[in-house]
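Participant: below is the sequence, then the predicted model.
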Amino acid sequence: MRLAVFGAGGHGKVVADTALQMGWQEVVFFEDAWPKRSHNGCWLIIGDAQALLQRLDDFQGVIVGVGNNRIRLAKTRELAAHGARLVSVVHPSAVISPHAVLGRGSVVFAGAVIQVDSQLGEACIVNTRACVDHDCHLADGVHICPGASLAGSVEIGEASWIGIGSSVKQQVRLGSDVIVGAGAAVVCDVLDKQTVVGVPAKSLGRK
Ligand SMILES: CC(=O)SCCNC(=O)CCNC(=O)[C@H](O)C(C)(C)COP(=O)(O)OP(=O)(O)OC[C@H]1O[C@@H](n2cnc3c(N)ncnc32)[C@H](O)[C@@H]1OP(=O)(O)O
């Protein structure tokens, strides 16, 4: 069972490490900085994006390990269009309700929790010890950073980034490409492309 990860940065390393802990036997990276870079931590980088597209049949699973939400989503869609076997990676210590839905190419890291009837799109990240409570709807490419918590029935638009240690009140709706700052408490709806920080969270203005 060989897994190919596109994107050889810090996030990609956690994807690789998590994949091995969930039972993948071998992980290799593809990254456009190849051949200048040959390793990501202890893992080999063996080609660039073009090489990955040519070698899709060599892998039982493919996933994009890029932290940037828009790039991760675009690469995931490109790979899907080329017929890649996109997989999700879930750490054995994560707790995901059997009534939750996780889109292809999404990752759930150590200690994270996803509760009943939540739906996550493709290429999402639920990072270390993050919590998505019941009935949340996350569009494609959303990142819930380490330790962030969504209360029940929160809606989050495409490619939004929910910062480390932040929390979002129940039934709040966040648009697309929203950034929630580290430690913020979001208690009201947030429009597309807004960055909000603080407790209670206020807008820093358009990105
Ligand atoms: C495994 C991982 O590493 S996952 C990654 C986890 N990382 C995160 O979650 C980081 C989240 N990012 C942040 O919190 C960032 O500070 C952002 C995106 C909110 C703002 O970043 P920038 O646009 O670069 O803003 P900048 O640093 O210039 O700060 C602008 C103002 O907002 C304030 N500010 C920035 N972030 C915050 C915050 N989280 N809470 C409160 N105030 C903040 C700054 O103090 C500054 O105030 P000032 O104008 O009075 O001096």
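Facilitator: Arrived safely.

Participant: contact partners for the nearest residue to residue 160 once chain neighbours are set aside?
Facilitator: Excluding the flanking residues, the one nearest residue 160 by C-beta to C-beta, 6 or more residues apart in numbering is residue 178, at 4.1 Å. Where C-beta positions appear, they are placed from N, C-alpha and C, glycine not excepted. By C-beta atoms under 8 Å, 6 or more residues apart in numbering, residue 178 lies in contact with 156-157, 160-161, 190-196.

Participant: please name the bridge partners of the residue most central in space within the chain.
Facilitator: Central residue of the chain (C-alpha atoms, centre = their mean): residue 125, 2.0 Å from the mean position. When assigned by DSSP bridges, residue 125 has beta-bridge partners residue 107, residue 143.

Participant: I'd say it and residue 103 touch.
Facilitator: No - using C-beta atoms under 8 Å, residue 125 makes no contact with residue 103, being 11.4 Å away.

Participant: ok, stretch 193-201 near the ligand or not?
Facilitator: Yes - counting by C-beta under 6 Å from any ligand atom, the ligand is contacted by stretch 193-201 at 195, 197-198.

Participant: gap between that stretch and the chain center?
Facilitator: Distance of stretch 193-201 from its chain centroid, counting by C-alpha atoms, centre = their mean, to the nearest Å, is 21 Å.

Participant: ok, and for that stretch, which residues are buried?
Facilitator: For stretch 193-201, burial by neighbour count (16 or more other C-beta atoms under 10 Å) applies to 193-197, 201.

Participant: residues in contact with residue 29?
Facilitator: 4-8, 12, 16, 40, 43-46, 65.

Participant: give me the nearest residue to residue 55, chain neighbours excluded.
Facilitator: residue 47 (7.1 Å).

Participant: now for the one you found, how many residues are close by?
Facilitator: 20 (other C-beta atoms under 10 Å).

Participant: got it, and the one 3 residues further on?
Facilitator: For residue 50, the tally of surrounding residues (other C-beta under 10 Å) stands at 10.

Participant: surely it is in a helix?
Facilitator: Yes - counting by DSSP: H, G, I helix; E, B strand; the rest coil, residue 50 falls inside a helix.

Participant: let's number from 868 now, not from 1
Facilitator: OK, 868 is where the count begins now, so the last one is residue 917.

Participant: quick check: the residue nearest to residue 1027 vs residue 932, distance?
Facilitator: 23 Å (C-beta to C-beta, to the nearest Å).

Participant: rewinding a little: between the buried residues of stretch 1060-1068, which sits nearest the ligand?
Facilitator: Using C-beta to the nearest ligand atom, residue 1064 comes nearest to the ligand of the buried residues of stretch 1060-1068, at 3.7 Å.

Participant: for the closest one, list each beta-bridge partner.
Facilitator: residue 1069.

Participant: residue ranges with poor pLDDT in the protein?
Facilitator: Within the chain, the segments meeting pLDDT under 70 span 1072-1074.
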